[in-house]
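Student: coords below, sequence missing:
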């Protein structure tokens with residue numbers, strides 16, 4: 001076989017190998033594209049929303065494309081939303097799918113510009129004959145901007161006796177919402193034998209929240225006071241540790257003594273924010 005024929009055979013062998021390589025590359029490329037998950041695009045920058053915004057605001061600006069299916073933005077869904085971190089930010093995790101059920105994920109941080117931690121309510125004076133957690137918790141509720149009513153999640157986290165003669169305890173309540181934010185307050189509760197001869201002090205509120213720097217007048221929260229031994233209105237005194245310019249939880253103690261020596265009291269919890 002002369003050199004010319006050998007050259008022709010070698011040419012065709014190389015051509016055949018090249019064609020096979022191209023075909024194999026095409027097959028691998030197609031398979032690679034089919035095995036590739038969508039690309040999920042998330043807008044840059046911090047996202048600030050209102051607690052009243054619908055969940056759909058977390059989806060604004062998202063886009064997902066797939067090498068085989070093209071635009072798969074409608075497939076994007078919210079997979080999870082984290083609890084608050086130490087900076088009061090949350091992380092939302094998105095997932096996008098293609099027709100081959102491949103999934104890609106991306107995350108984005110967001111925060112609320114109008115969020116307020118859970119707030120407590122106290123419906124009546126914390127005073128009773130014997131200590132009973134269930135009876136105490138019936139008087140204490142909580143509401144949250146994210147979850148609504150949290151009253152069933154209020155717990156007594158601590159208490160200790162501060163006045164053995166009068167049976168007054170300091171008691172701490174805590175509550176947490178679904179985003180992991182916990183609020184707590186400290187109030188006073190009195191254990192005492194109830195007598196119709198004791199003065200009764202009723203308040204307009206048993207817990208109030210005020211902004212730091214707000215003027216605070218404890219006497220304006222007295223609704224009524226009855227002497228107990230007659231229909232006269234006893235003089236009510238109060239002791240307040242409220243520092244209205246310093247955030248914290250404080251207590252105002254109201255007391256009244258009637259003409260036969262019986263004493264009644266009531267407590268107002270003040271939260272300065």
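Tutor: Right, received. Where do you want to start? Predicted model, so just to flag it, every value in this text is computed and none were measured.
Student: quick one: secondary structure of residue 189?
Tutor: On the three-state scheme (DSSP: H, G, I helix; E, B strand; the rest coil), residue 189 is labelled strand.
Student: Specify the beta-bridge partners of it.
Tutor: Per DSSP bridges, the residues bridged to residue 189 are residue 169.
Student: That one against residue 126, yeah?
Tutor: Yes. At 3.9 Å, residue 189 counts as touching residue 126 under the criterion of C-beta atoms under 8 Å. Every residue, glycine included, has its C-beta placed from N, CA and C.
Student: So which of the two has more stuff around it?
Tutor: Neighbours were counted for residue 189 and for residue 126 using other C-beta atoms under 10 Å; residue 126 has more, 22 against 19.
Student: where does the more buried one land on pLDDT?
Tutor: Note for residue 126: predicted pLDDT of 93.
Student: Between residue 189 and residue 126, which contacts overlap?
Tutor: When contacts are counted by C-beta atoms under 8 Å, 6 or more residues apart in numbering, residue 189 and residue 126 have 136, 171, 267 as shared neighbours.
Student: Neighbour count added to the residues you listed, as TSV?
Tutor: Putting the shared contacts of residue 189 and residue 126 into TSV (neighbours: other C-beta atoms under 10 Å) gives the following:
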residue	neighbour count
136	18
171	19
267	22
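Student: So which of these are in strands?
Tutor: In strands, judged by DSSP state E, the following of the shared contacts of residue 189 and residue 126 are found: 171, 267.
Student: Export the shared contacts of residue 189 and residue 126 to CSV and append columns for pLDDT and distance to residue 120.
Tutor: What follows is these, written out as CSV (pLDDT from 0 to 100; distance: C-beta to C-beta, whole Å):
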residue, pLDDT, distance to residue 120
136, 96, 13
171, 97, 12
267, 96, 13
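Student: just the shared contacts of residue 189 and residue 126 now: which is nearest residue 254?
Tutor: residue 267 (7.4 Å; C-beta to C-beta).
Student: how about that closest one, what does it touch?
Tutor: By C-beta under 8 Å, 6+ apart, residue 267 lies in contact with 125-126, 187-190, 206, 251-254.
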